[in-house]
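**Q** what follows is a predicted protein model with its sequence.
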Amino acid sequence: MPKTKKTTKLKLLSSHDEAGNVRTFVFETGGLKWIAGQYQGYILPQAGKTEREYERWFTIASAPGEKEIHISTRVTESAFKQSLNALKPGEQIQAHTLGGDFTWEDEPSKPVVLIAGGIGVTPFRSMLIERAAKGKHLNATLLYFNRTDDIAFRKEFDSLAARHPEFSFVPIIGESITSEAILKRTTGSKTAAKFYLSGPEPMVEKIGNELKKEAIELKQDWFPGYDEKDY
């Protein structure tokens, strides 16, 4: 493990299934303070000898006000994911290098369109839960593209929509993520709204470039290690 990285050990409190193969791991914060939408690096030395094996970066899925760090991810056969899934309450992960500017810029008069591809929804959970807890308006539409109807956080998003009439939750199952699919669901918002796009890196690059051609104001968040067939 690189000696240049200063790490903090975080204790696992619990874990639970969300939907399909998405599982949430709940850790203590270790005193960390973050802004909803930011990410952090994590190390599990038992996952292997190379950085590719023992290190991953995850957006923190929990809101700062929840006072826990949630890592919500698809549990795959990778050594890191298997080591993460094998952790028992009380065991630890090493955390380092908080960062990222994929955060909600508060412009009360401007609506927001949140576009998630699969597990790319995690920053939006953090943002929406935090804003709701602070009594802020959720003037937003969440377009959640997923391969199957195993929708992570569905009950939470449905609950937010029921309590906040200004918020719309639109799950989109089994449909390819395209700029056309996005724009047909955001008629009238194209130039008035700010768009946030999060998901597998190839998708975010492709769709982001297409949306920018439409003069859309856009922020992007890339999830490495996934593609459009596995997100």
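**A** Arrived safely, thanks for sending. Residues are numbered from 1 along each chain as shown.

**Q** rest of the way, CA atoms for contacts and neighbours
**A** Fine.

**Q** ok, then the element right after the longest strand anywhere in the chain?
**A** Taking DSSP state E as the criterion, the chain has its longest strand at strand 8-19. Downstream of strand 8-19, the first helix or strand assigned by DSSP states H and E is strand 22-27.

**Q** secondary structure element holding the residue nearest the centre of the chain?
**A** Closest to where the C-alpha atoms of the chain average out (Cα atoms, centre = their mean) is residue 122, at 2.1 Å. Element membership of residue 122 [criterion: DSSP H and E] is helix 122-133.

**Q** give the buried residues for that helix.
**A** By neighbour count on 16 or more other Cα atoms under 10 Å, the buried set for helix 122-133 is 122-131.

**Q** then stretch 12-23?
**A** So for stretch 12-23, counting by 16+ other Cα under 10 Å, buried means 12-13, 15, 18-19, 22-23.

**Q** returning to that earlier point: not counting its own residues, what contacts the longest strand of the chain?
**A** Contact with strand 8-19 is made by 23-30, 87-96, 150-153, as judged by Cα atoms under 8 Å, 6 or more residues apart in numbering.

**Q** and those, which of them are buried?
**A** Buried by 16+ other Cα under 10 Å: 23-29, 87, 92-96, 151-152, out of those.

**Q** which one of these is nearest to residue 70?
**A** Ranked by distance to residue 70 (Cα to Cα), the buried ones among the contacts of strand 8-19 are led by residue 26 at 4.7 Å.

**Q** re the thing from before, can you pull the contacts of the nearest residue to the residue nearest to the centre of the chain once chain neighbours are set aside?
**A** Among residues not flanking residue 122 along the chain, residue 61 sits closest, at 4.7 Å (Cα to Cα, 6 or more residues apart in numbering). By Cα under 8 Å, 6+ apart, the contact list for residue 61 reads 37, 69-72, 122-126.

**Q** and the two most separated of these?
**A** For the contacts of residue 61, the farthest-apart pair by Cα to Cα is 69 and 124; their separation is 14.8 Å.

**Q** domain map for this protein?
**A** For the chain, the structural domains run 8-99, 112-223, going by automatic domain parsing.

**Q** and the last one, how far apart are its ends?
**A** Between the start and the finish of domain 112-223 there is a gap of 21 Å, counting by Cα to Cα, to the nearest Å.

**Q** per-residue confidence averaged over that domain?
**A** Mean pLDDT, domain 112-223: 92.

**Q** alpha carbons of the host helix or strand of residue 209, as CSV, please.
**A** Using DSSP H and E, residue 209 sits in helix 201-212. The C-alpha coordinates for helix 201-212 follow below in CSV (Å, rounded to 0.1, in the frame of the first residue of the first chain):
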residue,chain,number,x,y,z
GLU,A,201,-17.9,6.8,-17.3
PRO,A,202,-18.5,5.9,-21.0
MET,A,203,-22.2,7.0,-20.8
VAL,A,204,-21.4,10.2,-19.0
GLU,A,205,-18.8,11.2,-21.6
LYS,A,206,-21.1,10.4,-24.5
ILE,A,207,-24.3,11.8,-23.2
GLY,A,208,-22.6,14.8,-21.6
ASN,A,209,-21.1,15.8,-25.0
GLU,A,210,-24.5,15.5,-26.7
LEU,A,211,-26.3,17.6,-24.0
LYS,A,212,-23.6,20.3,-24.2
